[in-house]
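Peer 1: Quick one, structure for this:
(one chain, ligands or ions: 1)
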Amino acid sequence: MEFLNLVKLRQSSRAYEEKAVEREKIELVLEAGRLSPSANNAQSWTFVVANDTEIKNRVADAAYKMGGAFVRQAPVVIALVAEKPLLISRLGAALKKIDFTSLDMGIAAAHICLQAAETGLGTCMLESFDEKKVKTALNIPDNRRIALLITLGYPADKQREKKRKAFDELVRWNRY
Ligand SMILES: Cc1cc2nc3c(=O)[nH]c(=O)nc-3n(C[C@H](O)[C@H](O)[C@H](O)COP(=O)(O)O)c2cc1C
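Peer 2: Now for the predicted structure:
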């Protein structure tokens, strides 16, 4: 698919068909995350896949009250867990006051969501959830941070027009 068409196709899916996602498709989507770039190639992440219905529903319950009722419909939820950054990343982050791990996670999430769209799957990134509950559901150690959840499944919502700022409002040439 032409890349820009893929970008247009990807949207936050908040309704899913009652249909399991094939293991190979989940792996394909995660492969895109694995290959995504990160500062200093730190790859400070673990992708925890909840595809067992009972476990996934426990994760969904942790997002339910925060506008995530639709998470229950998704057959798969992926937790992007931030691992301890490399020393060089931590030093760089301290100097530049930039959290590279969050940037890296966002890039990995974008790769995952775009590959999913290319595979005919819908996704929604989620930052609103009860982190403690998700950690308990997925046996994630207390000293780790869950950067994002991503729902994954066959989408049941219609394709929407993108609501975005105008090109000229966002792009400046040669000076701010
Ligand atoms: C980092 C991040 C966190 C998000 N968290 C949530 C969330 O908690 N709940 C939700 O319904 N959507 C969430 N979204 C989806 C955004 O609302 C959505 O991407 C935005 O409105 C643009 O719509 P689109 O994804 O359909 O193009 C999140 C998106 C990003 C990138």
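
Peer 1: What's the first helix or strand after the helix or strand containing residue 58?
Peer 2: Per DSSP states H and E: residue 58 is located in helix 53-64. Per DSSP H and E, the first helix or strand lying C-terminal to helix 53-64 is strand 76-82.

Peer 1: how far does the helix holding residue 58 sit from the chain's center?
Peer 2: Centre-to-centre, helix 53-64 and its host chain are 16 Å apart (Cα atoms, centre = their mean, to the nearest Å).

Peer 1: what's in contact with it?
Peer 2: For helix 53-64, the surrounding residues in contact (Cβ atoms under 8 Å, 6 or more residues apart in numbering) are 50, 68, 71-72, 74-77, 79, 126, 128-131, 133-134, 136-138, 149. C-beta here means a position set from N, CA and C on the backbone, and glycine is covered the same way.

Peer 1: Out of these, which are close to the ligand?
Peer 2: By Cβ under 6 Å from any ligand atom, the members of the contacts of helix 53-64 lying near the ligand are 126, 128.

Peer 1: Among the contacts of helix 53-64, the buried ones, what's the PyMOL command?
Peer 2: Entered in PyMOL, the line below selects the buried ones among those, by 16 or more other Cβ atoms under 10 Å:
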select buried, resi 50+68+71+72+74+75+76+77+79+126+129+130+131+134+137+138+149
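
Peer 1: about what we covered before: now the helix holding residue 58 and strand 76-82, what's the angle there?
Peer 2: 70 degrees (axes from the mean of the first three to the mean of the last three Cα atoms, to 10 degrees).

Peer 1: ok, and does helix 53-64 reach over to the ligand?
Peer 2: No - Helix 53-64 does not reach the ligand (Cβ under 6 Å from any ligand atom); its nearest approach is 7.4 Å.

Peer 1: So which bits of the protein are right by the ligand?
Peer 2: Counting by Cβ under 6 Å from any ligand atom, the residues of the chain close to the ligand are 11-12, 67, 124-128, 148, 162.

Peer 1: Show me just the buried residues among the residues you listed.
Peer 2: 11, 124-126, 148.

Peer 1: Which of those fall within strands?
Peer 2: Residues of those located in strands (DSSP state E): 124-126, 148.

Peer 1: Could you give me the buried positions within the worst-scoring helix or strand of the chain on mean pLDDT?
Peer 2: The helix or strand of the chain with the poorest confidence is helix 87-96; it has a mean of 81 (mean pLDDT, DSSP states H and E). Judged by neighbour count using 16+ other Cβ under 10 Å, the buried positions of helix 87-96 are 89, 92-93.
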